[in-house]
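1. what follows is a predicted protein model with its sequence.
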Amino acid sequence: EKKSKTILITSHSAKEGKTFTAVNLGAILAMADRKVLLLDMDLHKPNMHQALGFINDEYSGMPALYKKECTMKEAIIKTSQPNLDAVISKSSTSGASEMLLSDVTKTIMDYGSRHYDYVIIDTPPVGLLSDAMTLMKYSDLNLYLLSATAPCKHSISQATEISETNKFQLSFILNKVNDSWKISDYIN
């Protein structure tokens, strides 16, 4: 029986808040006394290390895992939040999309599932790369962020197509909402 829940976070475009959402969701679950593993699977433009405050640190575990230069246990770092661990990347990795298709991804997910209550996967935007769809087969919940600061009709259409074509269920999060926002301004 699977012990943990795996949550994947994606969006249509860059800068819609995927990493922000992943880190904050992880922190909230960790504060609720759940063991959480954050995975920075955006190997094209990783930035979870910045969100977690590992800017000057030389550590970069995700590429090392895929190159088989370390074990999963060695790749995991403790964050300043109790119960919140992460495997991060610090720079773009060549061949990133192909890496995600390897058996290493299954090993990473299996380890997370066995040792954590929640595994949260931060992915590249589906409007730019197929990486998120590759990783959806490992997730229990797929969160698709929509930014209220940009028209999202195209994003919703794309998400619907992804869901129907690949038989993935998507749940939506509306992000970057302010007081003057009206849904009719964006989707009609």
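-> Perfect, I can see it now.
2. pLDDT value on Lys2, please?
-> pLDDT recorded at Lys2 is 52.
3. use 612 as the first number for this chain going forward.
-> Done: numbering now begins at 612, and the last item shifts to Lys613.
4. residues contacting Leu695?
-> By CB atoms under 8 Å, 6 or more residues apart in numbering, the contact set of Leu695 is 637-638, 641, 647, 649, 689. No exception for glycine: its C-beta is placed from N, CA and C like everyone else's.
5. same list (the residues you listed) but as JSON lines, adding pLDDT.
-> Output for these, formatted as JSON lines (pLDDT from 0 to 100):
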{"residue": "Gly637", "pLDDT": "95"}
{"residue": "Ala638", "pLDDT": "95"}
{"residue": "Ala641", "pLDDT": "96"}
{"residue": "Val647", "pLDDT": "97"}
{"residue": "Leu649", "pLDDT": "96"}
{"residue": "Lys689", "pLDDT": "93"}
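6. which one of these is nearest to Lys717?
-> Leu649 (18.4 Å; CB to CB).
7. helix/strand/coil for the closest one?
-> Following DSSP: H, G, I helix; E, B strand; the rest coil, Leu649 is assigned to strand.
8. ok, now Ser724?
-> helix.
9. and it, how far from Ser703?
-> Separation of Ser724 from Ser703 (CB to CB, to the nearest Å): 27 Å.
10. out of the two, which sits in the busier spot?
-> Legend: neighbour count by other CB atoms under 10 Å for Ser724 and Ser703, higher for Ser724 (18 against 12).
11. got a list of what Thr718 touches?
-> Met683.
12. doesn't it lie inside a helix?
-> Yes. Thr718: assigned to a helix according to three-state DSSP.
13. state the mean pLDDT of the helix or strand encompassing Glu709.
-> Element membership for Glu709 (DSSP states H and E) is helix 707-711. The pLDDT scores in helix 707-711 average 84.
14. just give me the residue right at the centre of this protein.
-> Residue closest to the average C-alpha location in the chain (CA atoms, centre = their mean): Asp733, at 1.3 Å.
15. where does the residue lying closest to that residue once chain neighbours are set aside sit: helix, strand or coil?
-> Distance criterion CB to CB, 6 or more residues apart in numbering; nearest residue to Asp733, sequence neighbours excluded, is Ala633 at 4.2 Å. Assigned by three-state DSSP, the conformation of Ala633 is helix.
16. find me the pLDDT at Ala633, would you?
-> 93.
17. same deal with His660?
-> 83.
18. doesn't Ser700 make contact with it?
-> Yes. His660 is in contact with Ser700 according to CB atoms under 8 Å; the separation is 7.1 Å.
19. neighbour count winner among the two?
-> Shown here are His660 and Ser700; by other CB under 10 Å, Ser700 has more neighbours (27 against 23).
20. does that one touch Gln661 like I think?
-> No. Counting by CB under 8 Å, Ser700 stays clear of Gln661, with 11.2 Å between them.
21. give me the low-pLDDT residue ranges for the chain?
-> Applying pLDDT under 70 to the chain flags residues 612-615, 666-670, 738-740, 759-767, 770-771, 774-779, 782, 787-799.
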